[in-house]
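>>> Below: sequence and its predicted model.
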Amino acid sequence: MDKINLKSKLNSFSDHWNPRIVAELNGQYVKVAKIKGEFVWHSHSNEDEMFMALQGEFVMEFRDRTITLSEGECIVVPKGVEHRPVAEEECEIMLFEPKSTVNTGTVDSEFTKTDLEKI
């Protein structure tokens, strides 16, 4: 058991839309990522996802509404709900997801990451 310095982990990379695993518990991964621009519309058939803004701001777009998340705010996207995160400026986020979660859900795109790095 060691403490995890999220800022240090986030400072170790600069690319966007490439989540890294920083911890795991109870069948879940805790991930951090930097995001900027628009992600792909997608949903997850079997997994809920939690997104938390650590630094900066982003919006979670749904087909019927948009929710803005600022530093320290989070949102849980239920399984089956189509969504798309968008960040006008770089934003640092943390995610809690089951280990089986593929970042683009059922959509295969240039953003799809299947072999995540543990940092």
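In hand now; what should we look at?
>>> now do the same end-to-end measure for stretch 40-47.
17 Å (Cα to Cα, to the nearest Å).
>>> Buried residues in it, which are they?
Neighbour counts over stretch 40-47 (16 or more other Cβ atoms under 10 Å) mark 40, 42-44, 47 as buried. Any C-beta I mention is one placed from the backbone N, CA and C, and that applies to glycine too.
>>> Repeat that for stretch 17-32.
In stretch 17-32, counting by 16+ other Cβ under 10 Å, buried: 17-22, 28-32.
>>> Taking the centroid of the chain, which residue is nearest it?
Leu95 (4.6 Å; Cα atoms, centre = their mean).
>>> Might you report the residue contacts of it?
Listed by Cβ atoms under 8 Å, 6 or more residues apart in numbering, the contact set of Leu95 reads 19, 29-33, 49-52.
>>> Between those residues, which sits nearest Lys113?
Taking Cβ to Cβ as the measure, Lys113 lies nearest Pro19 of the contacts of Leu95, at 6.6 Å.
>>> chain center to whichever strand in the chain runs longest: distance?
When the chain is parsed with DSSP state E, its longest strand is strand 83-98. With Cα atoms, centre = their mean, to the nearest Å as the basis, strand 83-98 stands 4 Å off its chain's centre.
>>> Kindly reformat the buried residues of stretch 17-32 as JSON lines and extend each row with secondary structure.
Shown next, in JSON lines, are the buried residues of stretch 17-32 (DSSP: H, G, I helix; E, B strand; the rest coil):
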{"residue": "Trp17", "secondary structure": "coil"}
{"residue": "Asn18", "secondary structure": "coil"}
{"residue": "Pro19", "secondary structure": "coil"}
{"residue": "Arg20", "secondary structure": "strand"}
{"residue": "Ile21", "secondary structure": "strand"}
{"residue": "Val22", "secondary structure": "strand"}
{"residue": "Gln28", "secondary structure": "strand"}
{"residue": "Tyr29", "secondary structure": "strand"}
{"residue": "Val30", "secondary structure": "strand"}
{"residue": "Lys31", "secondary structure": "strand"}
{"residue": "Val32", "secondary structure": "strand"}
